[in-house]
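**Student:** Quick one: sequence plus predicted model below, questions after.
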Amino acid sequence: MAESEFAQLKERFDYLSERPSSDHLAVNCPAERLVELCTSLRDDLGYDLLLDVTAVDWDAHSPRFTGYYHLLSTTKHEYLRIAADCPDNINPSLPSVSGVFAAANWHERETFDLMGIHYEGHPDLRRILMWDSYPYHPLRKDFPLAGIETPLPAADVAESTGVSVLPAPMMGGPFVSSGDGPMSQTEPRARDESWTEQKEKPV
Amino acid sequence: MATTLKEISVGDLGTRSSERETELQGETMALNVGPSHPTTHGVLRLKMELDGDVVKSCDPVLGYLHRGDEKIAENMTYNQFVPYTDRLDYLAPLANNVAYAMAVEKLANLQVPERCESIRLLCCELARVSSHLLGIGVYGMDAGAWTVFMYTFNEREKLYTLFEELTGARFTTSYTRIGGVARDIPDGWLGRVLEFCKGVLPVLDQVDKLLTRNRIFMDRTVGIGAISKEDAIAYGITGPNLRACGVDLDLRKDKPYLGYEKYDFEVPVGTTGDCYDRYMMRAEEVRQSVGIIRQCIDQFPEGSYYAEDAKKIFAPQKAKVLTSMEELIQNFMIVTEGPQIPAGEVYFEAENPKGALGFFIVSKGGGVPYRLKIRGPSFCNLSILHKLIPGHYLTDITVILGSLDFVMGECDR
């Protein structure tokens, strides 16, 4: 069933390609056609509710970042997932769909905050969950689970107390087996060992 | 001396807010509400600009409860993340547990037995009752009606005793496992749920008498904080807040899961989308939920409470682990490496008390998600604040926030 749905979409938007999915229809869209696609989906095909905007960091792969959009039609009750690869791995960016869906405003701010994807044309691209002066994007795969030492958001408090935001102690943290290789090497251990008995707390 | 009477028109109080915008020209004042303030039900901060008593602009500041749940999820096995889902919408932890487990099971293409579905459905609906009871109570309190809170909180406590009996915890239930639930329902528990249902309906009637036609409550809520249908959809609002605006969208009806299609229930839909409608939605949803619970218990299926054939996903029974070699190995693998879930991308959302709670999971196979994104309904429901609040009186802010019934746990994640 999903195939015929995709065929209908493909007929109209020839730049789409089908994306493997474990549930509903999913499509790949080139980043530069995203706004155009979302506008037509909303106005002509009834996908009017933007549920979610997010991104995935594929680490060593290229393209490194993929933006995801989940749409729901409030009339047909069908879901649609759109995936768009970010062309640039170093300074990833995607066009903002906040002009099409007002809901995208906060979702894109969140993705910018945690994943560091720059949404071109966003009216107010500030951090939303972390504080404004926070220097990192914590959901990137190269960011350690424990965190990185960072100055306190309030400069005056930092100056008078001399305290900064420290990485969390990971001893006793989530113990997970990596799953590959012989069992002697894959026994469960804290995945993020940036601060353990073996390694000193980062200074 | 003859008395002369003069008629004074005071206008319609219900539409007082936006019309007066043009005549105000005083000096503006910056007002900061929160992050720790009883109105904000948690740690939401509002930066507002006031002109006299009227709010001119509002900038919500989030993140005070940000714990990095999504990052944590990438670093632990699927079952280890269940307790973290308790802390999303911490007023309905059972519903979050179920939504999360179902998202992972959808990725694994795993069908749980009917009895497990019914247990989960009961959990979801009881969680909805508990969340709405608190929502209505606190909302009454926000509008100045303290008594309602006493009635509803009392009922919620009874419900929490039932949760304790079922899961072992009153608040942080962590009840589901991937492929089933932690344990079967205790003996006689269903009877006690029915007894609770019997008790909660008169309380709802009491609340109805106290609030629904209460002059003060209506003055404070009717016509206040109205969201149009178009705005509600554009801002991605879901749940009772969306239905109050007149959009008939309930995932239990439109995308049935857990066998909701087998039960007979109505989805209340509002007309104006104001604070009063949002209250009415919740009160009616509790009644409908009680109906679903009764139907579910009426035809409660026998069978297993977990998927027995999912040997790589659901850990075997303790007694078998201690006596059989095969089960011991199976248990060891699931505990150390996690339930084995195939690679793929899946998005599943469930109709939670606050709205659609979605989980987007990207898996590369194995026991740990590669990426797990949580779509918190409160996050989306609050994104309209900067548009909704300006033009209202400062005193209306309390009522608007109360009527949106948000939880910062799932907003900040």
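**Tutor:** Great, that's in hand. All figures in this text were calculated on a predicted structure; none of them were measured in a lab.
**Student:** wait, doesn't B:S130 sit right on B:P93?
**Tutor:** No: look at B:S130 against B:P93 with C-beta atoms under 8 Å: they stay out of range, at 9.5 Å. Quick note: C-beta positions are derived from backbone N, CA and C, even for glycine.
**Student:** At which residues are the strands of chain A located?
**Tutor:** A:17-18, A:26-28, A:49-57, A:65-72, A:79-85, A:93-95, A:118-120, A:150-151, A:164-165, A:175-176, A:189-190 (DSSP state E).
**Student:** Minimum distance to B:I119: which of those has it?
**Tutor:** strand A:79-85 (26.3 Å; C-beta to C-beta).
**Student:** Now for A:V97: which residues touch it?
**Tutor:** A:L34, A:V35, A:C38, A:L50, A:V53, A:Y69, A:A104, A:E108 (C-beta atoms under 8 Å, 6 or more residues apart in numbering or on different chains).
**Student:** Could you rerun that using 10 Å?
**Tutor:** Contacts for A:V97 (C-beta atoms under 10 Å, 6 or more residues apart in numbering or on different chains) come out as A:34-35, A:37-39, A:42, A:50, A:53, A:67, A:69, A:82, A:84, A:103-105, A:107-108, A:119, A:121-122.
**Student:** Quick check: the gap between whichever residue of chain A sits closest to chain B and B:Y235.
**Tutor:** Nearest residue of chain A to chain B: A:A103, at 3.2 Å (C-beta to the nearest C-beta). Note on A:A103: its distance to B:Y235, by C-beta to C-beta, to the nearest Å, is 5 Å.
**Student:** Also A:F101?
**Tutor:** Relative to B:Y235, and taking C-beta to C-beta, A:F101 is found at 8 Å.
**Student:** One more: A:G147?
**Tutor:** Separation of A:G147 from B:Y235 (C-beta to C-beta): 32 Å.
**Student:** between those two, which one's more packed in?
**Tutor:** More crowded of A:G147 and B:Y235, by other C-beta atoms under 10 Å in any protein chain shown: B:Y235, with 27 against 20.
**Student:** residues contacting that one?
**Tutor:** Counting by C-beta under 10 Å, 6+ apart, B:Y235 touches A:49-50, A:101-106, B:227, B:241-242, B:380-385, B:387-388.
**Student:** Give the closest residue to the residue in chain B that chain A sits nearest to in space, chain neighbours not counted.
**Tutor:** For chain B, the residue closest to chain A is B:G236, as judged by C-beta to the nearest C-beta, at 3.2 Å. Leaving aside its sequence neighbours, B:G236 sits nearest to A:A103 (C-beta to C-beta, 6 or more residues apart in numbering or on different chains; 3.2 Å).
**Student:** any weak-confidence spans in the chain?
**Tutor:** I went with chain A, as the question did not name one. A:1-3, A:170-181, A:183-203 (pLDDT under 70).
**Student:** Hmm, no, I was thinking of chain B.
**Tutor:** For chain B, applying pLDDT under 70 flags the ranges B:1-26.
**Student:** from what I can see A:R19 touches A:A26, true?
**Tutor:** Yes: with contact defined as C-beta atoms under 10 Å, A:R19 and A:A26 form a contacting pair (4.0 Å).
**Student:** how many other residues sit next to B:V247?
**Tutor:** Neighbours of B:V247 using other C-beta under 10 Å come to 22.
**Student:** Need phi/psi at it.
**Tutor:** Dihedral pair for B:V247: phi -100, psi 120, per degrees, to the nearest 10.
**Student:** check contacts around it.
**Tutor:** Contacts of B:V247 by C-beta under 10 Å, 6+ apart are A:48-49, A:74-75, B:229-230, B:232-233, B:237-238, B:241, B:269-270, B:273.
**Student:** what's the answer for B:K253, then?
**Tutor:** Contacts of B:K253 (C-beta under 10 Å, 6+ apart): A:H77, B:Y260, B:E261, B:F265, B:E266, B:V267, B:E351.
**Student:** ok, back up a step: so what's in contact with A:R19 and A:A26 at the same time?
**Tutor:** A:F6, A:Y68, A:R81, A:I82, A:A83, B:E345.
**Student:** Report the contact partners of the fifth one.
**Tutor:** This means A:A83. Here A:A83 is in contact with A:17, A:19, A:21, A:26-29, A:55-56, A:66-69, B:345 (C-beta under 10 Å, 6+ apart).
**Student:** Check the fourth one too.
**Tutor:** Contacts of A:I82 were listed using C-beta under 10 Å, 6+ apart, and they are A:16, A:19, A:25-29, A:34, A:37-38, A:41, A:47, A:53, A:67-71, A:97.
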